[in-house]
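1. fold the following.
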Amino acid sequence: MAADLELVLPSEATAAARCRRVISVWLHTVCGRRESCETCDDVVYAVSEAVTNCVDHAYPGRGRGSITVRATADDDPARGSAADVASALAIVRTGGGRRPAGVTVSVSDQGRWRPTPADPGDRGRGLTMIRAYVDSVEIVRGESGTTLTLWCKLECPE
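-> Numbering: from 1, shown residues only. You can find the predicted model right below:
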């Protein structure tokens, strides 16, 4: 199984493109595929949108900060039966070459998001789009920043 990924990016316009390239390569390693599939494309898009949201919203008027992307391949017990997960983990531990059930990716910043305007115009759809591409999304906002964590079941063709 692929190693976990940690990527620290400057909060600037090029961050999303760099993140797309790195996440794409990592996902191909996780899935064991050379070419992209719809599931991998969905994860890449969702993560790219989350990074773009950090660039656009996390550090207004405060200069630039950083964005941290962490990704792990997993068999999350909360998303499958205990028997399925135990079986999958046993196969992974013994090197059976099994693809993990899914991937978890978190995108974090240390900024303060500006309030959503009453009329966002043609903007303000990023979180809706992220939710459409993955199986679950959790957002934690706090004094030290915001973390968006997504999980997607891997349904890549063999």
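2. wait, what's in contact with Val140?
-> The contact partners of Val140, taken as Cβ atoms under 8 Å, 6 or more residues apart in numbering, are 146-147, 149. Placement of C-beta: from N, CA and C, glycine included.
3. try 6 Å this time
-> Residues in contact with Val140 (Cβ atoms under 6 Å, 6 or more residues apart in numbering) are Thr147.
4. tell me the bridge partners for it.
-> Note on Val140: beta-bridge partners by DSSP bridges are Thr147.
5. any idea how far it is from Leu154?
-> Distance of Val140 to Leu154, computed by Cβ to Cβ, to the nearest Å: 24 Å.
6. do Thr104 as well
-> On the measure of Cβ to Cβ, Thr104 and Leu154 end up 11 Å apart.
7. and the closest residue to Val107 other than its chain neighbours, what element?
-> Excluding its sequence neighbours, the residue lying closest to Val107 (Cβ to Cβ, 6 or more residues apart in numbering) is Ala50, at 4.0 Å. In this structure, Ala50 is located in helix 38-57 according to DSSP states H and E.
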